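Participant: Fold the following, please.
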Amino acid sequence: MRTLGTVVVAVLLCLLPALPAHAADLVHDFEDGTAQGWGPRGDGVSVTASAEAARTGTRGLLTSGRTATWHGASIPAPFARGLGYTVTAHARLAAGQPAATIAMTVQRTPTGGETTYERVAAATVTDGDWVRLSGTYLFTAESTDMQLYVESSGATSEYHLDDIVITPLGDPTREPITSDFEDGTAQDWSPRAAAVLATGEVAHAGTSGLAVTGRSASWDGPALNVLGRMGKGDKYAMSAWVRLGPDTPSGRLGLSIERRSGGTPSYERVVAPKDVPAGEWVRLSGTYTLAYDVEFLSLYIESDTGTFPFHLDDFSMTYVEPKPIQTGIPSLKDEVPFTMGSAATRPETLGVHGELLAKHFNGLTPGNELKWDATEPRDGEFTFTDGDHLVDFATGHGMSVRGHTLAWHSQTPDWVFENATKEVLLQRLERHVRTLVTRYKGRIAAWDVVNEVVDENQPDGLRRSKWYEIAGLDFIRTAFRVAHEADPAAKLFINDYNTEFPRKREALYKLVEQLKGEGVPIHGVGHQLHLNIEQPPASNVEDTIRRFAALDVDQQVTELDVSVYTDFVSSYDSIPPELLIQQGHRYKELFDVFRRQADHLSSVTVWGESDDVSWLQSWPIPRLNAPLLFDHDLQAKPAYWGVVDPSELEPLVRRLEAPAGVIKVDGRRDLEWDLLPDAPLARVSDVSAGFQARSSSSGLYVLAEVEDTTAAKDDQVTFTVDGRSRTLRRSGPGVRPTAAGYRAEALLPSGTDVTVTVRDSGTEITWAGKVTAVPAIKRTTAPRRPAPVPDGVVDRGWAGVPEISTGTWIQGGSGATAKVRSLWQGSTLYVLAQVADPSLSEQSANPWEQDSVEIFVDPENGKTKGYGDEDGQYRVSFTGRVTVGGTFDAVGVKDNVRAAAKTVPGGYVVEAAIKLPTVTLSPGSLLGFDVQVNDATGAARTSAVTWNDASARGYLDTSHWGILRLTP
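Facilitator: Sure thing, here's the model as predicted:
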């Protein structure tokens, strides 16, 4: 136990000025020859102003006579409760003293509590130079016996102090923090463990930065104490520049927060670790909202793996002033015929975020707080602090709650599956489900009992998760049974993504149908609907809701958002306004579907209330995204008006390419039309349509495929091109009936401004936009032949197969080219590429910069601006090295390809076999198809040429690939 030595007499308090709200700095420089209020702490300690050593001026404060580590110089702490301070001092050991840690500490006794000792700052000090100590301090509980004192790890160390400055911050939670390291110090940053921090000449700006070496773990590195510098419920923007250290070829760095409440540490990502290329400075930037009462708060830089050295520079943390929410606009929940929900985490219930939630939503889904890793991180140890907070917030504001989620392959701790037989695993599952559902019985209206259990690429349609591998379907049966026993009134859902796509839809449908037939208490199906501004069509969503309506289950949209990106690598510095308008119209189309299907749909939940909290800010890569109804400042976007009042939206100018082509205008659908999907016209009531155009020297061919099963005399389509209109009646020339409605074709004068209007008994739907003439889509054929062996040898089986050549340059104007042939057998496409390239290289670490052939295949010929799960980019280098691209990490197609390559005089031959299990290949099938040849010189790609796609975006989207037609 610590004891107080000599008591500083009360008269010293008179030396300290009273502190107004914005007081000036309190400076101790000892130039007047006195200790300026500092006195001894501990028996025998001497504290005197001395001329032996001074950092500035002629005097400093010498402390000697110490016999215990807590002995030292002390002053009655000049701190006011609730006000933050920055405290700095400079320390140096007396001559001949061994190195020691010098620390500034506050002692105080909270009213009714025990005396505490709180570290303000510390550093290793020697007798060779002055070392800066710096930190911040804030206390909020009423306290007595407060002292600020300086102690040392060396019990007898004598030390000098000088230039002690105590700076009141007014409201410290509003004061920015910056670190540029230009003064040659670490500026309050300290190591988390063994890391060594030193200033050096590697700098992002200026002449000095912070070098971090000697790390002992991925989490070890520079940390900054920000306790008292963040207000609960306040949002802060953070930015730091990082660079890899010497001899470090690659690494990933991120920014995190450690907080402690009640002695329990928690860790939160502000910026997920991102790639830092060697030799480059990379900015880590993100925002953080403090949602807890804490006694420790620190931000730090860490890596995802490894202990490599790195540099830090130009850090800043600034308070983000919130904009008031808009109170004069309609509440979303009042404008829709179903529950309007939002996913939320604890920080979103505070401040203006909480106000936005309460105004617009009457349903709430805890985003992470009820998942297994949050509620039972260790076997049998349950924690509900955050879950309780969100449920309390929701019920206190009249919101219904969706529980998300009881069993999932992700965010489940490893211990759940360790040494687990089927019996053991189901026992663990039953205890977990029963505990959670019982706790919130009567308070959570619906549960996502199992989440993402379908994999349409498996023969039985089920994901091969650890749950399934150990327990089969019984884990699903058990979870639903136990949840129903625990709360018979709660609605129980099976929840999944991509249910708007036919194959996933049917796999989930069959599973639900089977389980319901067994008596498993599945009450509903949840459709996540993570969409983008282009795909999939809203009609796919409506088809899904209609399909599951046949199973007599409730349906809910559970995780809706609409990314402004159609691929997984693009990024905007600022999002173009026209994309936000397009997004508004996209939300309108979706909510038109939801309103039409309201009899089958009880709830729509957006996955986050505003863009600033969206998971799409960091997934699949960190980038600026805006997928939700309210922007980063919580203000209504066009997306909001698309839901509430579409008349407020600016007109949408669509864009469509019209490839060159010649059509026989007779109402029949020529093969030419099948080369592209129809551009959809938004459905109104039971009427929908698709539109296409082809350019020619004769004019503009146009097509409308109308879905309208009820014929009426006033059914008609009007095509308008540059102000000139042509109306085709359902029963007139150029129009033919179809199974779903009718088809209209026409040849009009060429033009660019096109409107298509479909009318039906007072209902009107329209497509309006710009049509651009482009070259014809190239096509080739692939005959059915016996399967060749993909060995890079041109055998007799390829004789007579139609051949195409690469001739569309997307980089350079000359270089390696290929002649390509294709054939098929069963469910496999075979491709042969004979490449003319006399100089071959694989020097680059990037496969696309090596001499290689890329084969692009879209089995469904979707011609989309992004990749679907079945679309693949199959790259084969001249040595036979295979790399695969596609959606996410190409998980759906990466095992579909076998390939070989052989060098020959003047080039090389690539032969590939690509399985296409998601479609049934047959004569007449149309595949999206293209080939690209990459030509490398040394470690650089010097040219690239394709067969059809001139966009140079074939690795991102399928919309400009050519066509491969299968023949007998």
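Participant: Kindly provide the distance from Tyr701 to Thr327.
Facilitator: 52 Å (C-beta to C-beta, to the nearest Å). In short, each C-beta sits where N, CA and C put it, glycine included.
Participant: Of these two, which one has the most company?
Facilitator: Neighbour count, other C-beta atoms under 10 Å: between Tyr701 and Thr327, Tyr701 has more, with 23 against 8.
Participant: May I have the strands that pair with whichever strand or helix holds that one, each with its orientation?
Facilitator: Taking DSSP states H and E as the criterion, Tyr701 maps to strand 699-707. Here strand 699-707 is paired, per DSSP bridges, with strand 687-696 (antiparallel), strand 741-748 (antiparallel).
Participant: want to throw those into TSV with mean pLDDT, mean neighbour count and distance to Thr918?
Facilitator: Formatted as TSV, the strands paired with strand 699-707 follow (pLDDT from 0 to 100; neighbours: other C-beta atoms under 10 Å; distance: least, C-beta to C-beta, whole Å):
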stretch	mean pLDDT	mean neighbour count	distance to Thr918
strand 687-696	96	23	23
strand 741-748	96	23	28
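Participant: I'd like those strands as TSV, with distance to Ile257 appended.
Facilitator: What follows is these, written out as TSV (distance: least, C-beta to C-beta, whole Å):
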stretch	distance to Ile257
strand 687-696	49
strand 741-748	57
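Participant: any residues touching the helix or strand following the strand holding Tyr701, and which ones?
Facilitator: Once the chain leaves strand 699-707, the next helix or strand it forms, by DSSP H and E, is strand 716-721. With C-beta atoms under 8 Å, 6 or more residues apart in numbering as the test, strand 716-721 has contacts from 689, 700, 702, 704, 706, 725-730, 735, 744, 746, 748-751, 753-759, 771.
Participant: give me the number of residues near the residue nearest to Asp871 when sequence neighbours are not counted?
Facilitator: Nearest residue to Asp871, sequence neighbours excluded (C-beta to C-beta, 6 or more residues apart in numbering): Asp858, at 4.8 Å. By other C-beta under 10 Å, 26 other residues sit near Asp858.
Participant: Over to Leu473?
Facilitator: For Leu473, using other C-beta under 10 Å, the count is 17.
Participant: same deal with the one 5 residues further on?
Facilitator: A count of nearby residues for Thr478, using other C-beta under 10 Å, gives 21.
Participant: Would you mind listing which of the contacts of strand 716-721 are buried?
Facilitator: Buried residues within these, counting neighbours by 16 or more other C-beta atoms under 10 Å: 689, 700, 702, 704, 706, 726, 728-730, 735, 744, 746, 748, 754, 756-759, 771.
Participant: Only the buried residues of the top helix by length along the chain, if you could.
Facilitator: Using DSSP state H, we find that the single longest helix of the chain is helix 577-596. For helix 577-596, the neighbour count (16+ other C-beta under 10 Å) marks 579-594, 596 as buried.
Participant: Following the chain onward from it, which element is next?
Facilitator: strand 601-606.
Participant: and the nearest residue to Asp645 once chain neighbours are set aside, what pLDDT?
Facilitator: Closest residue in space to Asp645, ignoring its immediate chain neighbours: Pro330 at 7.5 Å, by C-beta to C-beta, 6+ apart. pLDDT, Pro330: 98.
Participant: One more: Ala639?
Facilitator: 98.
Participant: List the residues that contact it.
Facilitator: Applying C-beta under 8 Å, 6+ apart, the residues near Ala639 are 562, 580, 583-584, 586-587, 628-629.
Participant: one more time with 7 Å, if that's ok
Facilitator: 562, 583-584, 587, 628-629 (C-beta atoms under 7 Å, 6 or more residues apart in numbering).
Participant: next one: Ala217
Facilitator: Ala217 sits in contact with 193, 307, where contact means C-beta under 7 Å, 6+ apart.
Participant: And Asp234, how far from Thr720?
Facilitator: Counting by C-beta to C-beta - Asp234 and Thr720 are separated by 54 Å.
Participant: Could I get the phi/psi values of the nearest residue to Asn540 once chain neighbours are set aside?
Facilitator: Using C-beta to C-beta, 6+ apart and skipping the chain neighbours, the partner closest in space to Asn540 is Glu500 (4.3 Å). With angles defined as degrees, to the nearest 10, Glu500 sits at phi -80, psi -10.
Participant: any idea where the helices of the protein begin and end?
Facilitator: Using DSSP H, helices in the chain cover 351-360, 372-375, 385-396, 422-439, 466-471, 474-486, 502-517, 538-549, 577-596, 638-644, 671-674.
Participant: Does Asp234 touch Tyr288 like I think?
Facilitator: No: counting by C-beta atoms under 7 Å, Tyr288 is not a contact partner of Asp234; they are 9.4 Å apart.
Participant: These two: which is more packed in?
Facilitator: Shown here are Asp234 and Tyr288; by other C-beta under 10 Å, Tyr288 has more neighbours (23 against 19).
Participant: Tell me the pLDDT of the nearest residue to that one once chain neighbours are set aside.
Facilitator: Using C-beta to C-beta, 6+ apart and skipping residues adjacent in sequence, the residue nearest Tyr288 is Val270, 4.9 Å away. Here the pLDDT value assigned to Val270 is 93.
Participant: Hmm, Ala237 and Val270 touching each other?
Facilitator: No: look at Val270 against Ala237 with C-beta under 7 Å: they stay out of range, at 9.8 Å.
Participant: and these two? which has more neighbours close in?
Facilitator: The residue with more neighbours, out of Val270 and Ala237, is Val270; 20 against 15, by other C-beta under 10 Å.
Participant: how about stretch 622-637: buried residues?
Facilitator: 622-623, 625-632, 634-637.
Participant: What is the burial count for Gly762?
Facilitator: 8.
Participant: so how far is Gly170 from it?
Facilitator: 65 Å.
Participant: Could you do Thr58 as well?
Facilitator: 33 Å.
Participant: Could you do Val909 as well?
Facilitator: Here Val909 is placed at a distance of 74 Å from Gly170 (C-beta to C-beta).
Participant: These two: which is more packed in?
Facilitator: Using other C-beta under 10 Å as the criterion, Val909 and Gly170 rank with Val909 on top: 20 against 14.
Participant: my guess is that one meets Gln834, correct?
Facilitator: Yes: contact criterion C-beta under 7 Å: Val909 and Gln834 qualify, at 5.4 Å.
Participant: what sits in contact with each of the two?
Facilitator: Common neighbours of Val909 and Gln834 (criterion: C-beta under 7 Å, 6+ apart): Val794.
Participant: Skip the chain neighbours and tell me the closest residue to Trp641.
Facilitator: Closest to Trp641 by C-beta to C-beta, 6+ apart is Glu648, at 4.0 Å.
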